[in-house]
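Participant: build me a model from this:
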Amino acid sequence: MPMSPLKSHYSTVVVGGGQAGLSVSHYLSRAGIDHVVFEKKTAAHKWKDERWDAFCLVTPNYQCLLPDHPYDGPDPHGFMVKEEILAYLDRFKAKVKAPIFEHTDVRLVEPLASGFRVETSAGTVTADAVILATSLYADRFIPRAAERLPDDILQLHTADYRNPQSLPEGAVLVVGSGQSGCQIAEDLHMAGRKVHLATGNAPRCARFYRGRDVVDWLTDIGQYEITVEHDGMTKKKHDTNHYLTGRDGGRDIDLRKFALEGMALYGRFDTANGARMQFQPNLRRNLDEADRVYNGINALIDRHIETNAIKAPPPSVYEPLWEPAAEVTELDLDAAGITSIIWATGFTPDWSYVAVPIFDGTGYPVQRWGVTGVPGVYVLGLPWLWTWGSGRFLSVAKDAEHVVDHLISCLPQRLGETRRAANA
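Facilitator: Predicted coordinates for the structure are as follows:
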């Protein structure tokens, strides 16, 4: 909690106390801008409360570049595990000293004739500007078809999964093959559990290629600096992240290899009827498309190496280790001995409290590098807010600094008055 009580007016209200909200608070404080951060739970709580025990970063530690807080540990090319990530964030929170009200729910943001009214569980304030830093991961998404499954099947979202030992004995079905789904499936597989995995359209990426981490190559090529305007916002804002892992020093996640080792793979989950799960007949296509992206990224690296005459080990092309003999479209949970289902089906945003016209027809905020069409309203922390690194430790600082610079340029008179009063 902040040292002082809630005031009636702030130059800027920040909604959300994750890495994005804390980052923008850093730049607001540096600029001398009076502000407050409202956080529904506790600062950066998702890293502690919604990650499993074996969770680790999938990008190297050197890409942790929170404002004035780069990774300074002994293993820049390693991958921090959960406890190390929490310690990194704790040091950042202590450094920022954000004026944050935790356990404070923002219930309404609405425009006034001048500025905005922000209603919270701690009271109502007005502000000249509002920065929405709540990301797209507010609420767990589980398909309604889950309601039709037997009551004796334990159902968890990835945010609630912790470790294999916490599940009842028996086989486990993981629904979804994005980063979380694949890594949790691997976690269970390594623990000797029988795993069934319903795949989706997530792409995959090599961990190491031609002697280096693929992230190192892509950094050199400039991929993380490509903006949404390069390929178009409509595509990029909904892209699924590539699956791979930083576990045990980092490695590929190859679902075909898992299948050879006994993991059962299916196409995309379709529906459920009692103890019977139905899947779409697209497993082969999902695997082939993931491999196409894998090889495409490696080919991009090949061109970079050739163009720049870089000495490196020879190129290679991934060849499938396993092919599905047939498309299995139905699974009897009882017959398969499945006692748990983990829904790796992502999250949905919650913009219900925002009574400001900044959204498109899909309910997504219309913005350019965090700046919306409504003066004084900004968004921050979204995937592909501006670059591939947006929303991550890599580029959230750049995005936050840009938002604050824009805010200062557009509200100079009121903000100048606030700074003068603060310095008096």
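
Participant: now stretch 193-204: average pLDDT?
Facilitator: The predicted model assigns stretch 193-204 a mean pLDDT of 97.

Participant: what do you get for stretch 179-187?
Facilitator: Mean pLDDT, taken over the full extent of stretch 179-187, equals 97.

Participant: please save the CA atoms from that stretch in CSV.
Facilitator: As requested, the backbone C-alpha atoms of stretch 179-187 are provided in CSV (Å, rounded to 0.1, in the frame of the first residue of the first chain):
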residue,chain,number,x,y,z
GLN,A,179,3.5,-22.9,-24.7
SER,A,180,1.8,-23.7,-21.4
GLY,A,181,0.0,-26.8,-22.7
CYS,A,182,3.2,-28.3,-24.2
GLN,A,183,5.4,-27.5,-21.2
ILE,A,184,2.8,-29.0,-18.8
ALA,A,185,2.4,-32.0,-21.0
GLU,A,186,6.2,-32.4,-20.8
ASP,A,187,6.2,-31.9,-17.1
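
Participant: what residues does the helix or strand where Val130 lies touch?
Facilitator: Element membership for Val130, per DSSP states H and E: strand 123-132. For strand 123-132, the external contacting residues (CB atoms under 8 Å, 6 or more residues apart in numbering) are 6-16, 21, 24, 36, 109, 112, 115-118, 351, 354, 356, 365, 376-380, 403, 407, 411, 414-415. C-beta here means a position set from N, CA and C on the backbone, and glycine is covered the same way.

Participant: narrow these to just the buried residues.
Facilitator: Using 16 or more other CB atoms under 10 Å as the burial test, those include 6, 10-16, 21, 24, 36, 109, 115-118, 351, 354, 356, 365, 376-380, 403, 407, 411, 415 as buried.

Participant: among those, which are in strands?
Facilitator: Applying DSSP state E to those, the entries found in strands are 10-15, 36, 109, 116-118, 377-379.

Participant: now, which of the residues you listed sits nearest Arg140?
Facilitator: Taking CB to CB as the measure, Arg140 sits nearest to Val15 out of those, at 19.6 Å.

Participant: looks to me like Ser340 is in a strand.
Facilitator: Yes. The assignment for Ser340 (DSSP: H, G, I helix; E, B strand; the rest coil) places it in a strand.

Participant: look up how far Ile358 lies from it.
Facilitator: Plainly put, Ser340 is 40 Å away from Ile358 if you go by CB to CB, to the nearest Å.

Participant: next helix or strand past the strand holding Val130?
Facilitator: Sequence-wise, the next helix or strand beyond strand 123-132 is strand 139-140, with elements assigned using DSSP H and E.

Participant: could you spell out the sheet neighbours of that following strand, each with its direction?
Facilitator: Strands that pair with strand 139-140, judged by DSSP bridges, come out as strand 347-348 (antiparallel).

Participant: please enumerate residues in contact with the partner strand?
Facilitator: Where contact means CB under 8 Å, 6+ apart, the residues beyond strand 347-348 that reach it are Leu136, Tyr137, Ala138, Asp139, Arg140, Phe141, Ala159.

Participant: and it, how far from the chain's centre?
Facilitator: A distance of 10 Å separates the centroid of the chain from that of strand 347-348, by CA atoms, centre = their mean, to the nearest Å.
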